[in-house]
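Colleague: Coordinates for the following, if possible.
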Amino acid sequence: MRILVLGGTAFLSAEIARQAVAAGHEVMCLARGTQSAPPEGATWLQADRSQGPAAYAGAVHAGEWDAVVEVARDPRYALEALEALATSARHWTFVSSCSVYADHSVPGAAEDAAVLAPLAPGAEATPETYGEAKSAIELSTAKLAAGKAHLCRAGLIGGPGDGSDRYGYWPARFARDSGPVLAPDIPADPTQVIDVRDLAAWVLTAAAAGVTGALNAVGEPVPFAAYLEESRRLAGSSADVAAAPAGWLAARGANYWAGPDSLPLWLPPGHDGFAARSNAAARAAGMSVRPWTETLSDTLADERRRGLDRARRAGLSPAAERRLLQEFEAEFQSA
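Modeller: Next up, the predicted model:
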């Protein structure tokens, strides 16, 4: 196939380009490349999408595409790309997100669940409006690439190279030192990850097969207790786990899910289905996922390469964890 990746220099888009090149496809990546270049073997169409429609002139000039892959978060960028390129593409993949769903309370929910209202035209796309922005791009994609659009609703993406630091926090924490590990007391709560390598492979498989429609690209739900114990086992750790009540942690400033001083994969109330969505439709269409334990093992190896003591984008800092552990021990273990 002739494949155009709108991106191709970071995490998922780079993995898509890398696998496409390895499979023998002709691959072009349209990207600024301010931090890295596309994978070797891909043609780099250097362009800045913030400059507007002119950014796509080179891709238009290149002719027709068997597949275009879009990973944008900004509805304006996505709309301009669609207007420039949709007519010259046989198949269009938009990597959306399960964050487009309006309700995260129902485990096992499928693609027919209601989605958020799209971000209003001209409104700024921010981290707080991520789901609404992705919903707006889905709407534009379904309209301008009608009949050939795959709305790939990804869940949490993990694996080597994950810059969000979420899925790797817990195995890295066990590997960092032997002290007690503070964790939320949520043993039965689900975790759900799709390996970046499996997601990239699915995007390419679906493009080749002409798969269309909205499909959840998520892994299998795994209880937090099983994920935590496997993280400890892979790290070769004998550290104790200080399982603190969720309400106690929230009251003391520990953050949910991601970001500074967070406890990754811990979700706020009302999110029982956020990490337990159905992937049955995508599996039936050809998506396959490796065992989550393999993803976790490879993630820990990547964490070790990057440095267990590095500053992280997600997780408790050592100082914050020590403070909370001291408070936890004083309140619960001396009672």
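Colleague: Surely residue 270 and residue 102 touch.
Modeller: No - using C-beta atoms under 8 Å, residue 270 makes no contact with residue 102, being 11.9 Å away. The way it works is simple: take the backbone N, C-alpha and C, and place the C-beta from them, glycine included.
Colleague: pLDDT score assigned to residue 231?
Modeller: On pLDDT, residue 231 comes in at 98.
Colleague: For residue 98, list the residues it contacts.
Modeller: 153-155, 216, 218, 274, 277 (C-beta atoms under 8 Å, 6 or more residues apart in numbering).
Colleague: and the gap between it and residue 301?
Modeller: Distance, residue 98 to residue 301, using C-beta to C-beta, to the nearest Å: 27 Å.
Colleague: What lies in contact with the helix or strand residue 199 falls within?
Modeller: Assigned by DSSP states H and E, residue 199 belongs to helix 196-209. Residues outside helix 196-209 that contact it (C-beta under 8 Å, 6+ apart): 1, 3, 11-12, 15-16, 18-20, 23, 25, 66-67, 69, 91, 93, 95, 150, 152, 154, 157-162, 211, 215, 217, 219, 282, 285-290.
Colleague: same thing with stretch 26-39?
Modeller: 1-10, 13-14, 17-18, 20-21, 41-49, 55-56, 58-59, 62.
Colleague: repeat for stretch 177-184
Modeller: 170, 173-174, 224, 228, 232, 237-246, 249, 254, 263, 266, 316, 321, 324-325, 328.
Colleague: and if you look at stretch 310-330?
Modeller: 163-166, 169, 172-173, 179-180, 182, 242, 244, 248-249, 252, 254, 258-264.
Colleague: repeat for stretch 223-231
Modeller: Looking at what lies outside stretch 223-231 - C-beta under 8 Å, 6+ apart - the contacts are 170-171, 173-174, 183-184, 186-191, 241, 265-266, 292-293, 296, 300.
Colleague: mind listing which of these are in helices?
Modeller: Among the contacts of stretch 223-231, DSSP state H puts 170-171, 173-174, 292-293, 296, 300 in helices.
Colleague: So among those, which ones count as buried?
Modeller: 170-171, 173-174, 292, 296, 300 (16 or more other C-beta atoms under 10 Å).
Colleague: Which of those residues sits closest to residue 75?
Modeller: Residue 75 lies nearest to residue 292 out of these, by C-beta to C-beta, at 32.4 Å.
Colleague: quick one, helices of the protein?
Modeller: Using DSSP H, helices in the chain cover 11-22, 57-61, 75-85, 130-144, 169-176, 196-209, 224-235, 246-251, 280-285, 292-306, 318-328.
Colleague: Show me what counts as buried in stretch 283-296.
Modeller: 283, 285, 287, 289, 292, 295-296.
Colleague: Next: stretch 213-221.
Modeller: 214-219, 221.
Colleague: Residue 186 versus residue 310, what's the distance?
Modeller: For residue 310, the distance to residue 186 - C-beta to C-beta - is 26 Å.
Colleague: same deal with residue 285?
Modeller: In terms of C-beta to C-beta, residue 285 sits 32 Å off from residue 186.
Colleague: Over to residue 249?
Modeller: In terms of C-beta to C-beta, residue 249 sits 10 Å off from residue 186.
Colleague: Between the two, which contacts overlap?
Modeller: Common neighbours of residue 249 and residue 186 (C-beta under 8 Å, 6+ apart) are residue 266.
Colleague: circling back: show me how to select, in ChimeraX, the buried members of the contacts of helix 196-209.
Modeller: A single ChimeraX command selects the buried members of the contacts of helix 196-209 (16+ other C-beta under 10 Å):
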select :1,3,11,12,15,16,18,19,20,25,66,67,69,91,93,95,150,152,154,157,158,159,160,161,162,211,215,217,219,282,285,287,289
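Colleague: How many residues are close by residue 58?
Modeller: Residue 58 has 14 neighbours, counted by other C-beta atoms under 10 Å.
Colleague: Report the contact partners of the most centrally placed residue in the chain.
Modeller: Central residue of the chain (C-alpha atoms, centre = their mean): residue 157, 3.3 Å from the mean position. By C-beta under 8 Å, 6+ apart, the contact list for residue 157 reads 11-12, 193-196, 199.
Colleague: and of those residues, the nearest to residue 85?
Modeller: residue 12 (19.5 Å).
Colleague: Residue 246 contacts residue 186, doesn't it?
Modeller: Yes - at 6.2 Å, residue 246 counts as touching residue 186 under the criterion of C-beta under 8 Å.
Colleague: Which neighbours do the two have in common?
Modeller: residue 266.
Colleague: circling back: show me which of the helices of the chain has the highest average neighbour count.
Modeller: helix 169-176 (a mean of 24; mean count of other C-beta atoms under 10 Å).
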